Each structure stands twice: as C-alpha cells, then as structure tokens.
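Trainee: output the structure for:
(chains A, B and C)
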Amino acid sequence: MAHAHAVKRYRGLMDWLTTVDHKKIGILYLIGGGFFFLVGGIEAILIRIQLAKPELSFLPAHTFNELITMHGTTMIFFAAMPLIFAFMNAVVPLQIGARDVAFPFVNALSYWLFLFGGIVLNISWFFSAVPAAGWTGYVPLSGPEYGTFGVNFYVMGLQVAGIGTLIGGINFLVTIINMRAPGMSFMRMPLFSWTAFLTSALILFAFPAITVGLVLLMFDRLFGANFFNIDLGGNVVLWQHLFWIFGHPEVYILILPAFGIISEVISTFSSKRLFGYSSMVFATVLIGFLGFMVWAHHMFTVGMGAVANALFAVATMLIAIPTGIKIFNWIFTMWGGHIRFTTASLFAMGFIPTFVMGGVTGVMLGAAPADYQFHDSYFVVAHFHYVIVGGLVLGLFAGAFYWWPKMFGRILNERMGIWTFVLFFTGFHLTFFIQHILGLQGMPRRVFTYMGGQGWDTSNLVSTIGAILMGLGTILFLVNAIITASKPKNAPADPWDGRTLEWAISSPPPEYNFKQLPLVRGLDALFVEKSEGHKAMTPAEPVGPIHMPSPSLIPIVFSVGLLIASLGFMYANQPFSNEFIASLFKNHVIAIAGLALTFGCMVVRSIKDDHGYHIEVEELEKEGVHQ
Amino acid sequence: MKRWNVAGRMALLIAGIALLLTGCGGALDPEGSVAKDQLKLINLSFFIMLTVMVVVFGLFFYVIIRFRKRKGQTGYPKQIEGSHKLEIIWTAIPFLLIMVIAVTTVMMTFEQDKPADESKAIKVQVIGHQFWWEFYYPDYDIRTAQDLVLPTGSWVNAELTSSDVIHSFWIPQLAGKLDANPGLKRNLAFQTSDQVKVYLGKCAELCGDGHALMDFKTVVKSPEDFNAWVEKMKAPAPESTTAAEIAGQEIFSKTAQCLTCHAVTSDAPGKGPNLAGFASRETVGGFRPNNDEWLAKWIHNPEEVKPGATMPGFDFLTDQETDDLIAYLRTLK
Amino acid sequence: MSDAHVQGNTLPRELEKATLEGRNKILGFWLFLGAETVLFGSLFATFLALRDSVMDGPAESELFKLSMVAVATFILLTSSLTSVMAIQAMHRHNLKSLMQWLIVTVVLGFAFLGLEIYEFKEYVHEGHGFTTSAFSSAFYTLVGFHGAHVVFGVVWISIIIGQLRTRGLNVVTAPKVYVAGLYWHFVDLVWVFIFTVVYLMGKVG
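Mentor: From the prediction side, this is the model:
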C-alpha cells in the first residue's frame, strides 16, 4: 500500500479496540447492547419468578427492589439505546451515501463511554451494593439519608454513558446535515435516516437535563449539597422535573428509530414506496417536538394543580394524532403491495397492532383524573412494555433480520427466525396484556410480593409464563446468531430487493463504503435506478484516492479514566482495611487520577493531529479491500 | 379466513373483557363518587380508543391477507405517493375523538382539584412513614394509624405529607391517588359511599423495602358508629383489670419500653403508630390479620413480618410475657 | 474522507470553513452549545427554584459583592471582545496578531477566575458555604460550573496558542481557533445571564 505517511493498521483484538469505522462500531454496539439485553432479561425473569405466586420468598424485598431498578436502568440505557446506535451506525452512513460519520473518533468514544458506563452500573452486583430506588431514582429514597450506597453506581454509570450518548447524537446530526450524497435532499432521505436525525436532536436537548439531575444528586450524596434536602430548603419535586424533562423525550428517542425501521421494512417487503412520505416526515417531527412538552404527565399525582395537569393532559393526548398518521401510512404502504412474509417483515407487521395497543393505553393514561387510578400501578407497567418491547424491541428484531446480511455478510436462518417471532410475540402478549387488568384491579408496581385472595394470582402466573416464552425466543435468536456466524460469508449485496442506498454496495461493504459517492436522483435512490433498468448507482465523482481516519486507542483509555474517576469519587469516604488504599481514596487521589487520565486524553487528542491514511486507486480497482 | 370475522371477533373479545371486568375489584369496582367519576373517564377513553383499534386492526388484517404476494407474481405493484384526502381524514377524525376525551378530562381535572366544602368535610392529616400511615384528625385532636376511620356518605379533605421519603396514598375503590411528599402538603378530596365497609388502601410510590406491604385500611362506619369511635378514642386509656393485663402493662411501659415510640392515648404524638384503639384495628403491621398469632410474631420480629420495619424486635420476651403483653394490648379497644 | 488541499492560488478568507472537516467541526460545536444551553438552563431553573431557601445563611441582598462582580463582568466581556479581534486577525491571516489577541484573552480569563476565587472565599467566610443551604448549593453549582467552563476554556485556548506557534495557521488549526472562540463567547453569554439573574436580581430581592 502506498501512503503519504506511515499508518497504523491493527489486526484482531487491537483492531476492534481501536477502530473508528462506523460499521465495526455498529457491531460493537450490537454485541454490547445484546449482552446487556440478556442481563436485563435475566433480571426480568427473576422478577417474574418472584411474582408468579402470592407471598413467594424466592427473593427478599431489597433484592427485588434492586432487580427492578437494574432491569429498568440496564434495559433502557444499556440495551435499547446501544442497539439503536448499532443500527444507526451500521446503516445511516450507507443510506445517505457517505463514507463514515462526521466524527469517527468521537463515534468510537461514544461506544466506549456507553460500555464503561454499563460496567460502572453493573459492577454494583459484584460489590453487593446495587441501587434499589427504581430506574427513576426519586429522591429522597435515592438521596444520602435514605438511599443505599448502590445508588452511587447508578449516578456515576449514567453520567458516563450519558456523555457518550450526547456526543453520539451530535455526531449523527452533523453527519446527516453535512454529508449526504450529491442529490440527496432532506426530502429524498430514507425514513430511517430521518428518524436517526430527529432522535439525535432529541438526544441533544434531553440528555443535558438528566446530566444536571444526576450531578445534583451526586453533589447531595457525596459532597453534602442540599438540593433535595428539605431540612435545608431543598425540594424533592425538583428531581422529578429534571428527570422527566429528560425522561419523556427519552422514550421518543427509543421509539423513533423503531418507526424508521418499520418504514424501511414494510416498504421493502411490500415492494412499494412509503405511502405519504412527507406526512411521515412531518408527523415524526411533530412527535419529537411535542415530546418535549408533556413530561409532567409522569407527575399527575404529585399535586401540581389543575392548570398544570390539564395542560399536560391535553398535550399528551395530542401526540396520538401524528402517531396515528404514521400507523395509517404504514397500512396504506402495504395496501396494493406484494407483501412478503419474512422474519423481518413479520416483526414489522407484529409491531403495528401491538404498538397501537400501547399507544391507546397512552391516551388513556394521559387523561389526568383517570391517571390518578392508573399511576404507579401495573397498568402503567403494561403500557410502557407494550410501547417499548412491543414497539421498540419488535422493531429492533425486524432491523436485525433485515440488516444482518449488510452487517455480517450472512443471512440469519429464516426458520429459526420465524420461531423466534412466534415465541417472543406470543410470550410478550401473554406477559403484558393481563397486566392492564392487574393495574385496574389495584396492584401497584414495584411490589416484591402481593397477598393472595385479591384475584391477582392467576394473572401473575400467566404473566410469568409469558416471560419465560420471551426468554426462549431470545435464546433461539442467540442460537441463530451463533450458528449463522459459522456459515460462509456469501450474502448478496441486495438480498431483499431493497430500495435504498445501503443495498447498492456489497454485504458487508468495503472499508470505504462507496468506491465512488453515488448520485441520488430521487427518493428510494436505488429503486429509482432499478426502475430505469440500471444495475447500479450512477457515480457522482471520478475514482480517486480515499482518505480514511486512523484508528486510535484514546477512546478506550478516555473511558477507563472516567471509570476510575467514578469509583474514586464513590469510595472517597468509605472505610478500607488497608491503610494505604484508604489514603488513596480519601484524598480523592484516585478520583483525580482518573480525571487526569481523561483530560490527558483530551490534550493528546488536541495536540496530535490525525492525518489518517489514503486508500489508493490501484487498491480500489481490485475487489475486496479488507473490511 | 374472512377478514371481517377476525376484526369483529377481536372487538367482541375486548368489549367482553371490559364488561367482564366489572366486579374485579380496585378501580373497576368504584364505590366512592370520585372513583366512580374516574371510571367513567376510563370507560369513555377506553371505548373511544377501542373504536380506533377496531378500525386500525380491521384495516391491518384486511391488508396483510388481501395483498400477500401470490405465487408467480412478478414486477412491482403501482407505486403510490400518498393521498391528501386520506391524510386529512386520518388527522381530523382522531383530532375530534381526542377532543372529546380532552374536554371531559379538563373538566374533571378542575373539578377534582377543588378541596371539598370545608364546612361539611372531615379533615384528616395523613403522614406517610416508612412503612406505615399516620392519621391525625385536627377537628377532634385524634391521632391514630393504619386504620382510617370515616363515616358513610361523607366528603373528606385528606392533607397529605410524608415524614421521610415520597409515598402515595391510594384507596382504589374510593378515589385515585395523590403523593405524600416530604416538605410539602397537598389535599386529596374524596367521598365515602353509604356502604358500611372496609376498603383496602395501598402505598403507590416505591419507598423502600417495605413498600409492597405498606397497606392501610379505610374503615367506613355509619355516622352513629363513627361518632362513637371518636368518643372512644378521646376517652382516657382504659384500666388494666386482670393479672395478665396488669403484667402486660408493666412489660409495655417498663420492660420493653414501648412508650418510647407508641402512645396509647390519641392525643399524644410518637415516633411509631399511636396505639389508642389498637385492639379494634383491622390489621397488625398494616396488612396481617389482627389476631394473637400475628401480633406475637410482630412483637418478636417485626422485620421478619414486614421487611424494612424500623421497630426493633422483642423476641427476648418469654411466651408468658408475650401473652401478657398481648392481653394488655387487647384492652386498647 | 475530507480533502485538506485547497483549490486555487489564494487562500480563502475563512480558513476554518475551507474543508469539510472544518465545517463539520463548526456545525458540531454549535450543536454542542445547544446542549450546553439546556445544561445551563437546567442549572438556572434549579437556582431559581431554590433561591429563597437561604435558611441560616446570609441573604442574597446582603451577601453579593456587586462591585467586584461588576469588575469581573467587565473583564470577561472584554475577553470576549479580544477573542473577536483574534478571529478577525485570523481572517486577515495575521498569525502574530491572532496569537497576541488570544494571549490577552487568556490573561483576562485568568483575571476573571482570580476575582471569582477571591469572591467565593469571602462568601464562605461570611457563612455562605456549599453545604449551608439549598440556595447556597444551587449558587455554587451554577456559578461554579460556569467557572469550571472558564478554566477549561483558558487551558484549551492556551494549548491552541501552543499549536499555532509550532504549526502556524492552516486549514487544520483554523477550525480549532474558531471553535474555541465560539466556546468562549458562549461562556461569556452564560455569564451575562448569571450576572443578571443571580447577582442583580439577588441584590434587588
């Protein structure tokens, strides 16, 4: 290889630890998110076992509270979000005809911050100090007086991961704004890239709010601040506002990408363009915008007064309208189409009625006086699992089966896929439908047990059985992934007769994605070419050397620094048997060392310019540049 | 399979479930007027949403069956950009449906936010603790716990607060819940029905290990019985007469030092639940039957009965001592 | 990926926008400032919610040393002006002038920090510590976060001055200067809000 400057190219493990390639980072997110999905899933099964019968003592009360806290926190922050980032990374640059994201280094940094944030949270298990104040961490239960030590892992882990998510959001915003291929106006961009764009905007404005909340809680717990200390003038409701100003947009961050995936999959497997594309875009923008106006519907029972409750109730119900627009447009995309039933399309089709059920219970919850009964009962648990699992997770499975060939060069086994769908879908409805009834019957949430004789026993048992079925479906998916990994890497570039740019290049794509950036001549850029009888995209530039960014170890070192700092701050005032170790922690030596490592990384990154390397034309002319 | 069959059957099933559920307890079996109104709103929103679901499900199942790819089908179907007319229809109709729910919602929100007419309502101050409920009636200067005693057909203004973490006060059959926040006071107005009955109350905000078991009872009595209860609660502490009772009272005040936390007359505060009228209460620890077996278990090891309970255990008491103590507690009618 | 070679004979005026890399960095940084706005907005909201919870500490109207804070404000505003001069010098491709203006900016930044540290020490002495009350915690967190941003800024700009010295002004260093300039303006803008909402409104009570 001829290059202008010496270049480090790594192999094997080092390649993965230092990669700044969005395709590899996508796979890293898939593995990381997938791993935490399993952890969260095990936590869920344990919860359901404890609740299978009244007054079971399978788990003590405190452990149960730890499990529900970790299940929620892990699933939302360390399973769902990373899996979303997995697909955003794997697909968005390809769909918009770019060679990578705007900031490949920052992309890697986002990943390692997520992973280490997840590690900080989950090592709490090994320290026998697990947070138990719910994923919502309400004060004073999470505060210095009533909260256990475990809350510190929650506070630190989420801050670390949150930084990663925030910079990831910035990355995709800049990528989509600045790096679309020639001819790809915004209104010619595939829906999944649109939803990635809007999700990133939500991330940008939502995450700082929870960062502030976590910082305030950290200050109260570790440094004697009084934000939530009512004896010195603090206010416990302040936490709730900060949390939910983040928390509500967060759930739109979770669902918008799923909407994008559904749009792609339904369109492809109906062989029809998306019905009402501009309405779909507009509706998604409206959902994102309204998502910032409704946070206090999580606080209807706090006692904010009728004016606040009424305003938030109406705003909440309004979101149903753009959401409904989307549902109808998906149905009409299929209308008149040639619908193919593959695992991907089954999951997408399963999404539609399921998400509608979740959405309508959302409208019911938005009616504030009704919510006075629903709030903190199993009705809410049913609602949010319907929209997150029945919505997002079904969407993620659809995306997985759809884009697996593009990411790995292999197609997942369809037979196993269909069984995964049947098990998971059936299990899901069994688990959660009945919980609507339980909530209405008066079963509160976050209860480690319940008394018999209230008519709740059978419902809880059914719910547990459903959970086990979901677990089996998930295991089957895992088996499928492992078995597929040993198959030959021979998937075609376009196994599904796709319509968008990612299907115009090989599966998986070469390192540089596009030998020549494509010229986009309309919506569904690839389909436009296919309709005119072309086999490939028209190039928008001549073949030339392609500049690639260099790999770097800094992102992982940066994240390790924050891990060390987190532990350093958490354990600063804790007793140790060893004198020397105690002194290291006591004077914040460890914490400062961790921060110094992180800031050192920033300085090195600023000073050392990355000139990258070039892939020359001779290599491009040869097929199969290493991936 | 005929497509209308599927959609129709689903609709019937769901409507059937809804009807079946009346009589299933909780919010679905309201007896207080506030809970009844709330169920009306739940039903209104549910049936409107059910209609939407029937339409959506109907269309959906029709489409996926009718437009399946047939064997030998080649080429692409007609690519349709969209339909302005349809977009307007499926924006306007949902908007109108939402407005119907919204108007009712706003009206009920303002209605239920108003405190009950103070000249007629019973006033109770509710203080949530980890993991028990304290009730103070300022008009009678009665302090009690775990059983909220009220007369039939009466409005109540419950002023909620907490002494530690956030709790939430919920009597599903009488009204929706309101949070009990430390450092804040908020009013929940609700009305009892004319049924003489005991209702289950629950804590509805995660508050620690004992959250699941932080139940309380709402004991609704006839107005005469309620007044009798007030009189009894204000009466001085009863005399211990039998040997067991006298011995028990010794244990209560001297050996176990229960008076450190528990007052036995309703005019005194305490760190723990006030025990005036304890013998007449529905429960031990808020959720176990008030019989001697459970009372003994509680006294010996509260934490084992209710995880997180802050009351210390007295398992050093002999069986005789325990019996005596219980005999004394049974005098607190 | 990005092309660092400039077409034509004369350098464009705005070197920072001459490459895709540079334009990406500038857009990315504007977005980051959007997030920072929400961050400081949340801190302001917290402060406003808790400003009356003075408890045993001194009241706002007695506590704040307005004259010192006014001097600090003047210094910071001036440093924003000098950073503008720096960018103008950069657009004239005058490396020496650019570096000089940046050095002045950093010096003024340090002066601001010195005054603020002195101010905080006085407050602590007068019974307004971090743990005194909810108000004091909110005050130090809001104003302290801003101060931390100033510290980060002076270190960052100093490192950039060093890079300008060794590598000169080119399409790689120009975006760094520009972005640091944006950051500095933002930090100054936040201070204007702090001065108004915290100090002026606090004094008036």
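
Trainee: touching chain C at all, stretch A:211-222?
Mentor: Yes. Using C-beta under 8 Å from any C-beta of the partner chain, stretch A:211-222 reaches chain C at A:211-213, A:215-216, A:219-220. Where C-beta positions appear, they are placed from N, C-alpha and C, glycine not excepted.

Trainee: now do that stretch: everything it contacts.
Mentor: When contacts are defined by C-beta atoms under 8 Å, 6 or more residues apart in numbering or on different chains, stretch A:211-222 is touched by residues A:137, A:139, A:142-144, A:147, A:151-152, A:155-156, A:158-159, A:162-163, A:166, A:225-229, A:234, A:238-239, A:242-243, A:246, A:569-570, A:572-573, C:39, C:42-43, C:46, C:137, C:141.

Trainee: select the longest helix from the chain.
Mentor: Since you didn't name a chain, this refers to chain A. helix A:236-270 (DSSP state H).

Trainee: you answered for a different chain; I wanted chain C.
Mentor: Per DSSP H, chain C has its longest helix at helix C:134-167.

Trainee: what comes up buried for that one?
Mentor: C:134-143, C:145-147, C:149-150, C:153-157, C:159-161, C:163-164 (16 or more other C-beta atoms under 10 Å in any protein chain shown).

Trainee: just the buried residues out of the contacts of stretch A:211-222, in ChimeraX syntax.
Mentor: Buried members of these can be picked out in ChimeraX with the line below, counting by 16+ other C-beta under 10 Å:
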select /A:137,139,142,143,144,147,151,152,155,156,158,159,162,163,166,225,226,227,228,229,234,238,239,242,243,246,569,570,572 /C:39,42,43,46,137,141
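
Trainee: quick one: list the elements packing against the longest helix of chain A.
Mentor: helix A:81-95, helix A:191-223, helix A:277-290, helix A:320-334, helix A:343-366, helix A:378-387, helix A:394-408, helix C:20-50 (3 or more C-beta pairs under 8 Å, 6 or more residues apart in numbering or on different chains; DSSP states H and E).

Trainee: now the fifth one, how far from the centre of its chain.
Mentor: Spelled out, that is helix A:343-366. 18 Å (C-alpha atoms, centre = their mean, to the nearest Å).

Trainee: again, but for the fourth one
Mentor: For helix A:320-334, the distance between its averaged C-alpha position and the chain's averaged C-alpha position is 23 Å (C-alpha atoms, centre = their mean).

Trainee: just the element for residue A:47, please.
Mentor: helix A:22-51 (DSSP states H and E).

Trainee: for residue A:398, which non-adjacent residue is closest in space?
Mentor: residue A:347 (3.7 Å; C-beta to C-beta, 6 or more residues apart in numbering or on different chains).

Trainee: touching, that neighbour and residue A:392? I think so.
Mentor: No. Using C-beta atoms under 8 Å, residue A:347 is not in contact with residue A:392; the gap is 11.4 Å.

Trainee: point me to the residue of chain B nearest chain C.
Mentor: residue B:183 (10.3 Å; C-beta to the nearest C-beta).

Trainee: was I right to think that residue contacts residue A:236?
Mentor: Yes. Contact criterion C-beta under 8 Å: residue B:183 and residue A:236 qualify, at 6.4 Å.

Trainee: higher neighbour count, those two?
Mentor: residue A:236 (24 against 16; other C-beta atoms under 10 Å in any protein chain shown).

Trainee: roughly how far apart are that one and residue A:148?
Mentor: For residue A:236, the distance to residue A:148 (C-beta to C-beta, to the nearest Å) stands at 18 Å.

Trainee: kindly report the same for residue B:32.
Mentor: 37 Å.

Trainee: of these two, which one has the most company?
Mentor: Legend: neighbour count by other C-beta under 10 Å for residue B:32 and residue A:148, higher for residue B:32 (23 against 19).

Trainee: which residues touch the more buried one?
Mentor: Contacts of residue B:32 by C-beta under 8 Å, 6+ apart are B:171, B:173-175, B:190-193.

Trainee: cool, thanks, talk later.
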